[in-house]
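> Below are the sequence and a predicted model for it; my questions follow.
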Amino acid sequence: MPLCGWMKVFHELVQRKVQLHNTRQLFLNLGKPKSHSHVLEYSFNDKEHQTEEEVKNLLRSPLIPLFLSHRRTRLLNPEMGVAAKIAPSMLSSDFANLASEAKRMLSLGADWLHMDIMDGHFVPNLTIGAPVIESLRKHTTAYLDCHLMVTNPLDYVDPMGKAGASGFTFHVEVSKENWQELVQKIKAKGMRPGVAVKPGTPIEEVYPLVEGENPVEMVLVMTVEPGFGGQKFMPETMEKVQVLRKKYPSLDIEVDGGLGPSTIDVAASAGANCIVAGSSVFGASKPGQVISLLRKSVQGAQQNN
């Protein structure tokens, strides 16, 4: 008999013998304690099993330790599409207090922590690498959304995987010839692969990576030129987001650069659901309110579409 509704989810979890991590999505931990990267977004069509508490009860099993908190977890409505995820960019944080800054963002409602890795070659700036990710991982179990602005992303897969990175987003501009190998290695290290595209790169270049046999799981549309924080949002990049959302309704689409209260609505309306925000969050007097505003804009746009 075909499985449906909550039974599909339960069957999938039991088959993989996974753990659940308490974020707004379920992160499948495939046996690596520091990795919470494989995402199962779930929805329930069975009207009898719509409430959060009922779902928790259904998923309780000796094989599945459950770590879902009432505050951090919600069900995904099929009509809403993919979940809103707000990722403060740690590039704008106080690097001398990175662990406490990370904890502060999470306590204020952040879903992910966005980490910018720059090599000084693909972009002129030089930031952090695997040692900083490894150090931060000791202080948090949060999803570390790593954006690699580097010329040779293959060189970073092993160290980033060992360091505890959750997501590994590389640039299509430097991976046109070897993206299949790159995606395979990223997944083999327990990380979730994503591909980023610069403002001047045609969005069509990411299609093969989304549609391939071993696809990426997120597309990051840069809304500024990569390499520096605090830049002005480029509204012309929203056409790429619109095209992606129409073509891939269930894809995680992330935007990064100049996002804040004055620009979030246009990004959310275009179809972005993963929002990276640096200066607008860390520079705010009440960053928690900004995080909440960003999420509400995404959720409102999804409900209206």
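Cool, the structure landed. Residues are numbered from 1 along each chain as shown.

> got a pLDDT number for E54?
E54 carries a pLDDT value of 52.

> How many neighbouring residues does A270 have?
The tally of other residues near A270 (other CB atoms under 10 Å) stands at 21. No exception for glycine: its C-beta is placed from N, CA and C like everyone else's.

> Output the below-cut-off pLDDT ranges for the stretch 151-300 of the chain.
Low-confidence segments of the stretch 151-300 of the chain (pLDDT under 70): 229.

> mind listing the strands for it?
For the stretch 151-300 of the chain, the strands defined by DSSP state E, counting those that start in this stretch cover 167-171, 192-197, 218-222, 252-256, 274-277.

> Adding mean neighbour count and distance to L113, write those strands out as TSV.
Listed next are the strands of the stretch 151-300 of the chain as TSV, based on neighbours: other CB atoms under 10 Å; distance: least, CB to CB, whole Å:
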stretch	mean neighbour count	distance to L113
strand 167-171	28	10
strand 192-197	24	14
strand 218-222	26	15
strand 252-256	25	13
strand 274-277	28	10
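
> Can you lay out those strands as JSON lines showing distance to S100?
Output for the strands of the stretch 151-300 of the chain, formatted as JSON lines (distance: least, CB to CB, whole Å):
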{"stretch": "strand 167-171", "distance to S100": "22"}
{"stretch": "strand 192-197", "distance to S100": "26"}
{"stretch": "strand 218-222", "distance to S100": "27"}
{"stretch": "strand 252-256", "distance to S100": "23"}
{"stretch": "strand 274-277", "distance to S100": "19"}
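
> among those strands, which is nearest V150?
Distance to V150, taken as CB to CB, is lowest for strand 167-171 among these, at 7.6 Å.

> helices or strands next to the closest one in the packing?
Under the contact criterion of 3 or more CB pairs under 8 Å, 6 or more residues apart in numbering; DSSP states H and E, strand 167-171 touches strand 143-149, helix 154-163, helix 179-188, strand 192-197, strand 218-222.
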